[in-house]
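**Student:** Whatever this is, show me its structure:
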Amino acid sequence: MTEVIRSADCGNSPKNARAEDIALALMGVGDLPSELVAEGVTWERPAGAITGRDRVLAAIETGLTRVEVDQVVTHGKAGSVSGRLTRDGETRLFCHVIRFTTATQKQIGQLVSFEHAG
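**Tutor:** Purely as a prediction, here's the structure:
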């Protein structure tokens, strides 16, 4: 079971809460509904870029022991979620940038993820 500490940035913002849920799902904490992911989505990530809904959903990682979300910011068609994650006893910084196809956040069109030693 992954220990999750959510950001305080989501209390009054449904868009921030949605971005945080998506970022957590990308790290294997929670579900990422397939209808939320555009068919032609791209995910640029440390392990290499991938394209397509099925490939993105299949690439979701698991095995984190702890995730702490420090900040969530959304504006228009974009959002970012950053914090710290712990995997295999190592704590690293992460950031997920989420670009939606519309400002109503109906579908994810692009993901860019960063991770490095913190």
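**Student:** ok, the residue located most distally from the centre of the chain - contacts?
**Tutor:** Distance from the C-alpha centroid of the chain peaks at G89, with 20.9 Å (CA atoms, centre = their mean). Applying CB atoms under 8 Å, 6 or more residues apart in numbering to G89 gives the contacts T65. All C-beta spots, glycine's among them, are computed from the backbone N, C-alpha and C.
**Student:** Residue numbering should commence at 131 henceforth.
**Tutor:** Yep, numbering from 131; the last one is G219 now.
**Student:** State the distance from it to S164.
**Tutor:** 32 Å (CB to CB, to the nearest Å).
**Student:** can you list the weak-confidence ranges in the chain?
**Tutor:** Nowhere does the chain drop to pLDDT under 70.
**Student:** List the buried residues for stretch 155-165?
**Tutor:** 155-157, 159, 162 (16 or more other CB atoms under 10 Å).
**Student:** Also stretch 226-241?
**Tutor:** Residues 226-230, 235, 237-241 are the ones in stretch 226-241 that count as buried (16+ other CB under 10 Å).
**Student:** now stretch 131-147
**Tutor:** 132, 136-137, 139-140, 145-147.
**Student:** how far does that stretch sit from the chain's center?
**Tutor:** 12 Å (CA atoms, centre = their mean, to the nearest Å).
**Student:** what sits up against it?
**Tutor:** Stretch 131-147 has contacts (CB under 8 Å, 6+ apart) with 150, 154, 158-159, 194-204, 209, 211, 213, 235.
**Student:** hmm, try it at 7 Å
**Tutor:** 150, 154, 159, 194-202, 204, 209, 235 (CB atoms under 7 Å, 6 or more residues apart in numbering).
**Student:** for stretch 196-215, same thing?
**Tutor:** With contacts defined as CB under 7 Å, 6+ apart, stretch 196-215 is touched by 132-137, 139-140, 145-146, 149-150, 153-154, 157, 159, 194, 216, 221-230, 232-233, 248.
**Student:** so of the contacts of stretch 131-147, which ones are in strands?
**Tutor:** 194-202, 204, 209 (DSSP state E).
**Student:** any idea which helix or strand comes after the longest helix seen in the chain?
**Tutor:** For the chain, the longest helix by residue count, based on DSSP state H, is helix 144-156. Past helix 144-156, further along toward the C-terminus, the next helix or strand under DSSP states H and E is strand 167-174.
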